[in-house]
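**Student:** Would you be able to build a 3D model of this:
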Amino acid sequence: MADGCGKRHVARSWISDTPDEIEHPPVPLGINKMTVPRASILLSISTIMVILLSSIWIGVSAYGFLNELEDSLESVDESMIEMEGRWAWEVDMIFDTCDSREGDWSWPENLSSQDDLFLYPGELRCDWEHQGEGDRASIVIYNRGNQTLDLLLEIGGPDVLFSDSGDTQYLINEMPGNDALILEIELTEDVTEGEITIIASHVSLMSAEVRLDVSIFQGIDSRSIHIEEGDRVEVEYTVWNADTGEELDSGTWTENAGDPWFSIEGFGWSTIGLDIDDDRGIAPGLETGTSHITLLPPPIAYGNSDGHELQDVWLRFEVNLDRAPLSG
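**Tutor:** Down below sits the predicted model:
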């Protein structure tokens, strides 16, 4: 195509006068490689800070909750469960095999004439000679105060449990003041020698505890039948004044183990843990029953018989198992 001057114009496509580098700048390699990692790092740091602050908040809340829980559990007034520098309860084993738990006290010269509110000068350690797996023994908890007690009993050590609960723990709810409770414990294995500790703690102040240590060992002869609460028994007994040695009575008693003898609650429990062979004492001329000696403080002897001449006397019983018939 020519114009009037004879010059020829050539048609072409539009080309921008702006350099391509300016109009479409390349993304720098530094941004490609660094921007995303930096953003990830900042995001990670933020996440970590949030988690850390959340953990601190949860920890502070948990600490406060535990403190409130502890305060609620330990809201009991210690002065109400403490007497003469001791907790208001005692734990005893009914066998006459006990002594000072830590060797820090001696027996009173006369048990019945003690002026102290407590039956024993301190915690006890007792021996339990058993006649094989399934043997039983009786322990006693005494509330020496006037306040009602809620106690948790725990057996620390193997192969022994509370017969009533079938467990190593037993909960006592609202035990009246100046009362006593007798419980049966059971040997679950044939132990040659062993040690357990029975701990009685206040449920609202677990640091308030009284301990009874028990040394367990195998007797000379095992027996196949072990008397437990409710078993029908026929025993020969002799009872003495534990302080004077005076013999007070002797005879034969046929009743269910655990039942009281007159007003003496501890006598029936004295038969717990006696043993006999399969003949049950029925075969003529055979004496296969065992015997043991128990010591009963007044609360499980005549202590609840007001005006009785033996109301304050500690009793020592020897019981020998003659027969254990299948039924009454």
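
**Student:** Could you use CA atoms for every contact and neighbour count after this?
**Tutor:** Noted.

**Student:** Show me the domain layout of this structure.
**Tutor:** Each domain of the chain is listed here as a residue range: 29-73, 76-222, 225-328, per automatic domain parsing.

**Student:** Need the ones you listed in CSV (columns: mean neighbour count).
**Tutor:** Below are the domains of the chain laid out as CSV (neighbours: other Cα atoms under 10 Å):
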stretch, mean neighbour count
domain 29-73, 12
domain 76-222, 18
domain 225-328, 19
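
**Student:** could you dump those domains to JSON lines with mean pLDDT?
**Tutor:** Shown next, in JSON lines, are the domains of the chain (pLDDT from 0 to 100):
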{"stretch": "domain 29-73", "mean pLDDT": "59"}
{"stretch": "domain 76-222", "mean pLDDT": "96"}
{"stretch": "domain 225-328", "mean pLDDT": "93"}
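
**Student:** I'd guess E309 is in a strand, am I close?
**Tutor:** No. According to DSSP: H, G, I helix; E, B strand; the rest coil, E309 belongs to no strand; its state is coil.

**Student:** quick one: it from S207, how far?
**Tutor:** Between E309 and S207 the computed distance is 40 Å (Cα to Cα, to the nearest Å).

**Student:** Can I take it that G194 is in a strand?
**Tutor:** Yes. Counting by three-state DSSP, G194 falls inside a strand.

**Student:** Can you show me the strands along the stretch 101-250 of the chain?
**Tutor:** Ranges of strands in the stretch 101-250 of the chain, per DSSP state E, counting those that start in this stretch, are 124-130, 136-143, 149-156, 160-162, 169-175, 179-187, 193-202, 205-218, 225-226, 232-241, 247-256.

**Student:** now the fourth one: how far from the chain's centre is it?
**Tutor:** Going by Cα atoms, centre = their mean, to the nearest Å, the spacing between the C-alpha centre of strand 160-162 and its chain's C-alpha centre is 10 Å.

**Student:** what do you get for the second one?
**Tutor:** Chain-centre distance of strand 136-143: 14 Å, with Cα atoms, centre = their mean.

**Student:** repeat for the shortest one
**Tutor:** Chain-centre distance of strand 225-226: 26 Å, with Cα atoms, centre = their mean.

**Student:** neighbouring contacts of that strand?
**Tutor:** Applying Cα atoms under 8 Å, 6 or more residues apart in numbering, the contact partners of strand 225-226 are G134, D135, R136, G273, L274, D275, I276, D277, D278, R280.

**Student:** surely I172 meets N143?
**Tutor:** No. The pair I172 / N143 is not scored as a contact, 11.3 Å apart, by Cα atoms under 8 Å.

**Student:** what touches both of those two?
**Tutor:** Here I172 and N143 have L149 as joint contacts, going by Cα under 8 Å, 6+ apart.

**Student:** coming back round to it: reformat the contacts of strand 225-226 as JSON lines; add distance to G245.
**Tutor:** JSON lines is the format used below for those (distance: Cα to Cα, whole Å):
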{"residue": "G134", "distance to G245": "33"}
{"residue": "D135", "distance to G245": "29"}
{"residue": "R136", "distance to G245": "28"}
{"residue": "G273", "distance to G245": "24"}
{"residue": "L274", "distance to G245": "23"}
{"residue": "D275", "distance to G245": "27"}
{"residue": "I276", "distance to G245": "29"}
{"residue": "D277", "distance to G245": "32"}
{"residue": "D278", "distance to G245": "35"}
{"residue": "R280", "distance to G245": "32"}
